[in-house]
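1. Quick one: sequence and predicted model below, then my questions.
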Amino acid sequence: MVWRVEWEDEAVKELKKLDARAQRSIVRFLREKIATEDDPRRFGDPLRKDLKGLWKYRISDYRIICSIEDKSVVVLVVRVGHRRNVYK
């Protein structure tokens with residue numbers, strides 16, 4: 001199954017603020033691992049408390065916060081950033 005990866009406007013802005021190497025790693029991870037996987041949850045972890053219902057993916061010191069929409073087969077990127085700041 002192929003998942004469609006979509007980006008919220010704020011997540012695109014956050015991605016553009018990162019260095020080029022981090023940007024490439026994040027986009028490559030989403031394109032090669034998440035979009036082509038039968039179950040995108042396999043690579044991530046569920047979030048708790050205020051962010052319950054969202055999933056996180058870890059790429060080095062960066063995190064991708066996503067909403068996984070099973071019915072429409074979409075992984076929606078909500079936030080992207082350094083692990084220190086992304087959950088605030």
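-> That came through fine.

2. so where do the strands sit in the chain?
-> 4-7, 45-46, 55-59, 62-69, 74-82 (DSSP state E).

3. Report the mean confidence score over the first one.
-> Averaged across strand 4-7, pLDDT comes to 96.

4. Same check on the third one?
-> Computed over strand 55-59, the mean pLDDT rounds to 97.

5. Neighbouring strands of it in the sheet, and parallel or not?
-> In the sheet, strand 55-59 lines up against strand 45-46 (antiparallel), strand 62-69 (antiparallel) (DSSP bridges).

6. could these go into JSON lines alongside mean neighbour count?
-> For glycine as for every other residue, the C-beta is placed from the backbone atoms N, C-alpha and C. Shown next, in JSON lines, are those (neighbours: other Cβ atoms under 10 Å):
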{"stretch": "strand 45-46", "mean neighbour count": "12"}
{"stretch": "strand 62-69", "mean neighbour count": "20"}
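
7. can you list these in a markdown table and add mean pLDDT?
-> Formatted as a markdown table, those follow (pLDDT from 0 to 100):
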| stretch | mean pLDDT |
| --- | --- |
| strand 45-46 | 97 |
| strand 62-69 | 97 |
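
8. Indicate which one of those is closest to Asp38.
-> Closest approach to Asp38 among these is made by strand 62-69 (12.5 Å; Cβ to Cβ).
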